[in-house]
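In: Predicted model and sequence follow; I will ask about them next.
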Amino acid sequence: MIDKFDGIPAYGKEQFEAAREATSSIAKTIQAIASEAADYSKKSIESGSAFVEKLLGVKSYESAIQLQSEYWKSSYAGFVAQATKMSELYSSLAKEAFKPVEMTFAKIYNGRS
C-alpha cells in the first residue's frame, strides 16, 4: 500500500514543472499581445494624424472625398490584418493555457491503457 504513494513527489514535481513552463509561455504570449496592441495603436494614431494634415491641405471637395475614401480603405485593410494577428495570438494563448491540462489527461489516459 505504501508503494502506491511513492510516486506522489515525482508526480507533484512534474506537475509543478509543467505549470511553470506554461505560465512562462503564457506570460510571453500576453506580452506579445500587449506589444502588438500598442504598436497598432501607435500606427493608427500616426496614420490618423497624417490623414488630417493631408485633409487640411486639399483644395476641392472631390479631392477631400477621394482622400477620405483612400484613408478608410487603408484603415480597414490595416484593421483586418491586425485583427488576424491578434486572433492568432489569442489562439496561441489558449493553446498554451491548456497545455498542462492536456498533458495531465494524456498521462491519465495512457496510464489506463
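Out: Structure's in. What do you need? In this text the structure is predicted, and so the values were computed from the model without any measurement.
In: Okay, strands next: where are they in this protein?
Out: With strands called from DSSP state E, the chain shows none.
In: How much space separates the residue nearest to the spatial centre of it from residue 79?
Out: Geometric centre of the chain, nearest residue: residue 89, 2.5 Å, by CA atoms, centre = their mean. Using CB to CB, to the nearest Å, residue 89 is found at 15 Å from residue 79. Yep, even glycine has a C-beta here, placed from its N, CA and C like the rest.
In: Measure how far the lowest-mean-pLDDT helix or strand in the chain is from the centre of its chain, please.
Out: Within the chain, no helix or strand scores below helix 8-56, which has a mean of 86 by mean pLDDT, DSSP states H and E. Chain-centre distance of helix 8-56: 6 Å, with CA atoms, centre = their mean, to the nearest Å.
In: ok, now stretch 52-71?
Out: 35 Å.
In: again, but for stretch 64-72
Out: 31 Å.
In: neighbours around the residue nearest to residue 86 when sequence neighbours are not counted, how many?
Out: Spatial nearest neighbour of residue 86, chain neighbours left out: residue 36 (6.3 Å); criterion: CB to CB, 6 or more residues apart in numbering. Applying other CB atoms under 10 Å, we find 15 residues neighbouring residue 36.
In: who touches residue 36 in this structure?
Out: 82, 85, 86, 89 (CB atoms under 8 Å, 6 or more residues apart in numbering).
In: Same question for residue 24.
Out: Residue 24 neighbours (CB under 8 Å, 6+ apart): none.
In: And it, how close does it get to residue 89?
Out: Between residue 24 and residue 89 the computed distance is 16 Å (CB to CB).
In: repeat for residue 96
Out: Residue 96 is 11 Å from residue 89, by CB to CB.
In: Quickly list what's touching both of these two.
Out: Here residue 96 and residue 89 share the contacting residues residue 29, scored by CB under 8 Å, 6+ apart.
In: For residue 97, grab the count of nearby residues.
Out: When neighbours are counted by other CB under 10 Å, residue 97 comes out with 14.
In: Not counting its neighbours along the chain, what's nearest it?
Out: In space, residue 97 is closest to residue 26, 5.8 Å off (CB to CB, 6+ apart).
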